[in-house]
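J.: Sequence first, then the predicted structure:
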Amino acid sequence: MPHTLASLVNHTALKLTVLAGEERLDVPVRWAHASELIDPVPYMEGGELLLITALKLDAEDPEATRRYVRRVAEAGVVGLGFAVGVNYEDVPRPLVAAAREQGLPLLGVPRRTPFIAISKAVSAAVAADQYRAVTAGFEAQRELTRAALSAEGPADLLARLAAHLDGWAALYDASGAVVAAAPDWAARRAARLAEDVARLRERPAPASSVVSDAEGDDRVELQSLATGRRARGVLAVGTGAPLGTAERYAVHSAVALLTLTTERSRALQDAEQRLGAAVLKMLLAGEPDHARAVAGRLYGGLLDAPFRMVVAEALAGEEGGGPAGSSSAGTSRATAGTSGSPAGTPRGAASTSRGTAGPSRGSGTGGALDALADAMDSAAARTGEAVLAVPDGGRLIVLVADGGAAADACASYAAQAEARAGAQARTRGRAGRTEPGGGGEGLAVGLSAPTGPAAAANAYRQAEQALSVARRRGRVLVEHEDVAAGSVLPLLADDAVRAFADGLLRALREHDATGRGDLVASLRAWLARHGQWDAAAADLGVHRHTLRYRMRRVEEILGRSLDDADVRMELWLALKATSSNASAAQPRGEE
């Protein structure tokens, strides 16, 4: 407990008397300092008991005394100690009156009590208080350490920390989700701080901030948990007042223990990473039985039910989306796709995987991929769901349970990313700027149909195909079912395809430009009617013999036979690919 003026007054050896400010004796005293300066304020820090003899102060002058007392009170001095019988036989009445006017405690110091005795008493009390704080801090550290090593782990640690602080505590994971809180009601309060936690996670670790709960009177302190530059989690503690020395020791101990727990989990995940990469390699190689045997209890549940394959890619320009094989120093990599591998095997799968433990991966996957993986990790951890993820250069390959929390988190993240990208695009449009498109926030994701271990390679191909469509359409997430249910025509929106189509139809368009016939329009009508002469001719408003003549000219100009199904298919796709640029030709009657 801090030393107060009341403690000094009750100190029997000092014999102090209270002359003014009796109602404020419970104010803590940080130090006792003797000064005879007329203006000692520049040398005060606040919280001092100022000891004077009025050697230079005219304590009989009411105005001078009033100015002096007001100035030291405004500077934060908590009390005045006046030496009786040194320069004045009694405490001057103007000094007493001024102290009462300011509400500043005034203590009479008898002649036989030297100032040094008061200073020693305050110093001893301060030292004792600090010792008690350090002792309490060490005891809290031992208690928190035992909690961290218990079966409950972080949950027990938070409960003990909250009790020690007489407040509440919460732990956020790498995605910013609340994973534990104590007491239980604190989870709702912690959830309201999501934006503050997100801002802290964006700062290089270690970092801290103090925020206020808008709906409560708490003072909330946030501390990032990390040994590197990127936060692996955040600790929040809420108290009704600023932390004292003992409480500060406890919080620092909790931060160290939770960081250590996170790093210990990462060490365990390193082993899981290699196991996960091996399981994925076996699945894609068509060895589901071996994969199931290696997966054991860690991933066995994931392989016992339908799962989906997710292939996410950091697009060009996304931070960290570098060439395959890039990773942070110290990240073990095991190649899952080598020469001679079966089709569909990742080109360079990193040995990173996830069970129910927290995220762990190299930095080479990029910021958007990290955020997506964190979202899926957090959702899976909350439900005890297994997730297997393997970074692959600028990609991330993930196996998630069909209809599970991780799959839902992936869809939710993609929807939010597309919404943000749409808002940014509208902002650029209002500003009159045009910028290259692409997936929201530099990310594209392909999701396979539900499948089982025996068809994992096919699921990987489905996810890659959906990913390719997502890139072409500027979407964040495309499911394979959407590709199969949709039209192939949007896939033709590619420069290479349009160049091929233009080249294939160029000779026909040049012929039409001379005014000698509408071969392109006639070809489109004939193909649309599946080669039915009468129907196509009716659509064009020409005689069927005229249409037959035009089709012979098409074959002569192209040097290709329209009886060939492949030729008809290529011509139809070429017409579709260039339909937005081609003019809508109108039939001009019989030739």
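T.: Received it, and whenever you're ready, just let me know what you need.
J.: Least confident secondary structure element in this protein?
T.: One helix or strand of the chain scores below all others by mean pLDDT, DSSP states H and E: helix 480-485, with a mean of 72.
J.: I'd like to know how far the residue nearest to residue 382 when sequence neighbours are not counted sits from residue 482.
T.: The shortest distance from residue 382 to any non-neighbouring residue, by C-beta to C-beta, 6 or more residues apart in numbering, is to residue 405 (6.6 Å). To be clear about C-beta, it is placed using only N, CA and C from the backbone, and glycine gets the same treatment. Here residue 405 is placed at a distance of 22 Å from residue 482 (C-beta to C-beta, to the nearest Å).
J.: More neighbours: these two, which one.
T.: Using other C-beta atoms under 10 Å as the criterion, residue 405 and residue 482 rank with residue 405 on top: 19 against 14.
J.: quick one: that one and residue 379 touch, right?
T.: Yes. With contact defined as C-beta atoms under 8 Å, residue 405 counts as touching residue 379 (4.0 Å).
J.: Between those two, which contacts overlap?
T.: residue 385 (C-beta atoms under 8 Å, 6 or more residues apart in numbering).
J.: and the helix or strand residue 554 falls within, average pLDDT?
T.: Using DSSP states H and E, residue 554 sits within helix 544-558. Averaging pLDDT along helix 544-558 gives 91.
J.: how does the protein divide into domains?
T.: Following automatic domain parsing, the chain resolves into domains at 5-124, 150-243, 269-486, 492-577.
J.: returning to that earlier point: quick check on the residue nearest to residue 382: phi, psi?
T.: Torsion angles at residue 405 (phi, psi; degrees, to the nearest 10) stand at phi -70, psi -40.
J.: Quick check: it vs residue 181, distance?
T.: In terms of C-beta to C-beta, residue 405 sits 19 Å off from residue 181.
J.: Pull the contacting residues for the closest residue to residue 141 other than its chain neighbours.
T.: Using C-beta to C-beta, 6+ apart and skipping the chain neighbours, the partner closest in space to residue 141 is residue 253 (4.1 Å). Residue 253 sits next to 137, 140, 141, 144, 145 when contact means C-beta under 8 Å, 6+ apart.
J.: Please repeat the previous calculation with a cut-off of 7 Å.
T.: 140, 141, 144 (C-beta atoms under 7 Å, 6 or more residues apart in numbering).
J.: Please identify which of those is nearest to residue 293.
T.: residue 144 (40.6 Å; C-beta to C-beta).
J.: these two touch, right, that closest one and residue 257?
T.: Yes. Residue 144 lies in contact with residue 257 (C-beta atoms under 7 Å); the separation is 5.7 Å.
J.: Between these two, which contacts overlap?
T.: residue 157.
J.: so how far is residue 231 from residue 176?
T.: Distance, residue 176 to residue 231, by C-beta to C-beta: 10 Å.
J.: between the two, which one's more packed in?
T.: Remark: of residue 176 and residue 231, residue 231 carries more neighbours, 25 against 22, as counted by other C-beta under 10 Å.
J.: In contact with that one, which residues?
T.: Residue 231 neighbours (C-beta under 7 Å, 6+ apart): 201, 205, 224, 225.
J.: Show the pLDDT at the last one.
T.: Translated: residue 225. With respect to pLDDT, residue 225 scores 86.
J.: in terms of contact, does it touch residue 254 like I think?
T.: No. Contact criterion C-beta under 7 Å: residue 225 and residue 254 do not qualify, at 9.6 Å.
J.: higher neighbour count, those two?
T.: Using other C-beta under 10 Å, the more surrounded residue of residue 225 and residue 254 is residue 254, with 29 against 25.
J.: quick one: contacts for the nearest residue to that one once chain neighbours are set aside?
T.: Excluding its sequence neighbours, the residue lying closest to residue 254 (C-beta to C-beta, 6+ apart) is residue 161, at 5.0 Å. Residues near residue 161 by C-beta under 7 Å, 6+ apart: 144, 169, 237, 250, 254.
J.: Likewise for residue 279?
T.: 291, 294, 295, 299, 388.
J.: How many neighbouring residues does residue 146 have?
T.: For residue 146, the neighbour count with other C-beta under 10 Å is 12.
J.: Check which helices and strands the one helix or strand it maps to sits against.
T.: According to DSSP H and E, residue 146 maps onto helix 115-148. Applying 3 or more C-beta pairs under 7 Å, 6 or more residues apart in numbering; DSSP states H and E, we find helix 115-148 packed against helix 5-9, strand 31-34, strand 48-52, helix 154-165, helix 245-284.
J.: and those as CSV, adding mean pLDDT and distance to residue 513?
T.: Converted to CSV, the helices and strands packed on helix 115-148 look like this (pLDDT from 0 to 100; distance: least, C-beta to C-beta, whole Å):
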stretch, mean pLDDT, distance to residue 513
helix 5-9, 90, 103
strand 31-34, 91, 97
strand 48-52, 93, 97
helix 154-165, 87, 75
helix 245-284, 78, 52
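J.: so can I have TSV of these showing distance to residue 367?
T.: What follows is the helices and strands packed on helix 115-148, written out as TSV (distance: least, C-beta to C-beta, whole Å):
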stretch	distance to residue 367
helix 5-9	56
strand 31-34	50
strand 48-52	51
helix 154-165	26
helix 245-284	19
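J.: elements contacting whichever helix or strand residue 195 is part of?
T.: Using DSSP H and E, the element containing residue 195 is helix 194-202. Applying 3+ C-beta pairs under 7 Å, 6+ apart, one finds that helix 194-202 contacts strand 208-212, strand 219-225, strand 233-239.
J.: about what we covered before: can you put the contacts of residue 231 in CSV and add distance to residue 570?
T.: Below are these laid out as CSV (distance: C-beta to C-beta, whole Å):
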residue, distance to residue 570
201, 52
205, 57
224, 58
225, 59
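J.: quick one: common contacting residues for residue 176 and residue 231?
T.: When contacts are counted by C-beta under 7 Å, 6+ apart, residue 176 and residue 231 are jointly contacted by residue 201.
J.: most packed of the helices and strands packed on helix 194-202?
T.: Among those, strand 233-239 has the highest mean neighbour count (mean count of other C-beta atoms under 10 Å), at a mean of 25.
J.: Find the centremost residue of this structure, please.
T.: residue 175 (4.5 Å; C-alpha atoms, centre = their mean).
J.: which SS class is it?
T.: Secondary structure, DSSP: H, G, I helix; E, B strand; the rest coil: residue 175 is coil.
J.: For residue 249, see how far away the nearest residue to it once chain neighbours are set aside is.
T.: In this structure, residue 175 finds its nearest non-sequential neighbour in residue 374, 3.6 Å apart by C-beta to C-beta, 6+ apart. Distance of residue 374 to residue 249, given as C-beta to C-beta: 31 Å.
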